[in-house]
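1. I would like the atomic coordinates for the input below:
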Amino acid sequence: MSIPRSAVVPVACIAGTVTVAHLVLAAVPRRWFDEDLMLAIGRHHLDWGAVDQPPLTPLLAALADAIAPGSPFVLAVPAVLATAAAVVLTALMARELGGDSRAQTLAALGQGTCVAAAQFGHWLTPYTLEPALWAVIFWLLLRWIRVRDDRLLLVLGAVVGVTAQTRFQVLALALAVLVSAALLGPRELLRRPALWAGRCSDC
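-> Numbering: from 1, shown residues only. This is a model prediction of the structure:
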């Protein structure tokens, strides 16, 4: 099944504008408890087995702090990139659903200007990284439904694993997807060995 052409120029313009806007905001001196918490965990308590906080965001915070100690701008870079990536991925999801250039542009604009992105797009926190990671998951699922390429399911398993190292809520999403596929389809998804191979790779 063919899908519309990608709205490369308008989506790139929106993602670029979002990136610049949040980089400018990141340059403003600020303090935010959750960001300080990520730094503290990354510097002093980084642990794969932490119950309260998976390690990916603290690890990024520690790396940013090692590159430029005390720089709120450098600390914000991973968050800003994730915020911009979510804009692009939302447009790609619209395309997979058959959306034309206008639909893709509106989808990107909606993601780029939503309250969560506007408020947290330059804070390095788990809930800033999560939208981009969940968008990758949904895009992979939508693309698999369209093309039935099981290699996408192997990538999906890896992405779910990375996302689980950001926030544990993705496990509820995985359960919801499995239940939805069982009840509403496509049930073929549940019969694909690649799906379970990808999930086992997370264990």
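2. neighbouring contacts of stretch 96-109?
-> Stretch 96-109 has contacts (C-beta atoms under 8 Å, 6 or more residues apart in numbering) with 3-7, 10-11, 14-15, 87-88, 90-95, 139, 142-143, 146. All C-beta atoms are positioned from the backbone trio N, CA, C, and that covers glycine.
3. Which of the residues you listed fall in helices?
-> Using DSSP state H, the members of the contacts of stretch 96-109 that fall in helices are 10-11, 14-15, 87-88, 90-95, 139, 142-143, 146.
4. Of those residues, keep whichever come out buried.
-> 10-11, 14-15, 87-88, 90-95, 139, 142-143 (16 or more other C-beta atoms under 10 Å).
5. just these now: which is nearest residue 31?
-> Distance to residue 31 across those (C-beta to C-beta) is lowest for residue 87, with 26.7 Å.
6. Test my guess that that closest one contacts residue 11.
-> Yes. Residue 87 is within contact range of residue 11, at 7.1 Å (criterion: C-beta atoms under 8 Å).
7. circling back: if we take the ones in helices among the contacts of stretch 96-109, which one ends up nearest to residue 197?
-> Nearest to residue 197 among the ones in helices among the contacts of stretch 96-109, with distances taken as C-beta to C-beta, is residue 143, at 17.8 Å.
8. Report the contact partners of that closest one.
-> Contacts of residue 143 by C-beta under 8 Å, 6+ apart are 96, 149, 152.
9. Can you read off the pLDDT for it?
-> We have a pLDDT of 97 for residue 143.
10. mind checking how far it is from residue 170?
-> Separation of residue 143 from residue 170 (C-beta to C-beta, to the nearest Å): 18 Å.
11. Check the offset of stretch 56-64 from the chain's centre.
-> Distance of stretch 56-64 from the chain centroid (C-alpha atoms, centre = their mean, to the nearest Å) equals 16 Å.
12. again, but for stretch 170-181
-> Stretch 170-181 sits 17 Å away from the centroid of its parent chain (C-alpha atoms, centre = their mean).
13. One more: stretch 110-124?
-> Stretch 110-124 has its C-alpha centroid displaced from the chain centroid by 12 Å (C-alpha atoms, centre = their mean).
14. what about that stretch, average pLDDT?
-> Mean pLDDT, stretch 110-124: 92.
15. Buried ones in it, by neighbour count?
-> Counting neighbours by 16+ other C-beta under 10 Å, stretch 110-124 gives 111, 112, 117, 120, 121, 122, 123, 124 as buried.
16. Kindly indicate which of the residues you listed lies nearest residue 174.
-> Using C-beta to C-beta, residue 111 comes nearest to residue 174 of these, at 21.9 Å.
17. so where does that closest one fall, helix or strand?
-> Using DSSP states H and E, residue 111 sits within helix 101-113.
18. Isn't residue 197 up against residue 155?
-> No. Using C-beta under 8 Å as the test, residue 197 is too far from residue 155 to be in contact (11.3 Å).
19. Just want to know which of the two has more residues nearby.
-> Legend: neighbour count by other C-beta atoms under 10 Å for residue 197 and residue 155, higher for residue 155 (17 against 13).
20. Which pLDDT value goes with that one?
-> At residue 155, the predicted lDDT confidence score is 96.
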